[in-house]
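A.B. asks: I need the structure of the sequence given here:
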Amino acid sequence: GKDKIIFVTKEDHETPSTAELVADDPDDPYEEQGLILPNGDINWNCPCLGGMASGPCGEQFKSAFSCFHYSTEEIKGSDCVDQFRAMQECMQKYPDLYPQEDENEEKEKSSKDLEATPVEASVAKEEKGSS
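C.D. replies: Numbering: from 1, shown residues only. Now for the predicted structure:
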């Protein structure tokens, strides 16, 4: 795999390191450049995308994200609804890879938020006082 396990002894730690640090090469095409490359293209390898560009819905994500990035509409991305819908439909097929907030949890949260509002508390007090 990509990881390598190395066991060291106490003596190994006491010996000064001989590792050489190599300065980053700004011309390295594989060096992380951020989300947008100097030429204006999208860096699909940017860790900031959280791996969304790969996986079973990677192509749909790339299509939607590209559309949004290059959109020139007044409301940016408003011309990308179909691409985002395709991405969402794909992600719903893989709930383990792309967890979605459960609708029931969302309803419970909103009802708990409503219970805590002062308006409802005052209405409840008024009802108790009128009986």
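A.B. asks: what number of residues lie near residue 61?
C.D. replies: For residue 61, the count of nearby residues is 23 (other C-beta atoms under 10 Å). Using the backbone N, CA and C atoms, a C-beta is placed for each residue, glycine as well.
A.B. asks: Also the one 5 residues further on?
C.D. replies: Here the count is done by other C-beta under 10 Å, and residue 66 has 15 residues near it.
A.B. asks: OK, contacts around it?
C.D. replies: Residues near residue 66 by C-beta atoms under 8 Å, 6 or more residues apart in numbering: residue 42.
A.B. asks: Use 15 as the first number from now on
C.D. replies: Sure, I'll start counting at 15 from here, so that last one is residue 80.
A.B. asks: so it, which of the three states?
C.D. replies: Three-state call for residue 80 (DSSP: H, G, I helix; E, B strand; the rest coil): helix.
A.B. asks: mind checking how far it is from residue 90?
C.D. replies: The gap separating residue 80 from residue 90 is 13 Å, by C-beta to C-beta, to the nearest Å.
A.B. asks: what's the answer for residue 26, then?
C.D. replies: 55 Å.
A.B. asks: before we move on, what about residue 30?
C.D. replies: The gap separating residue 30 from residue 90 is 54 Å, by C-beta to C-beta.
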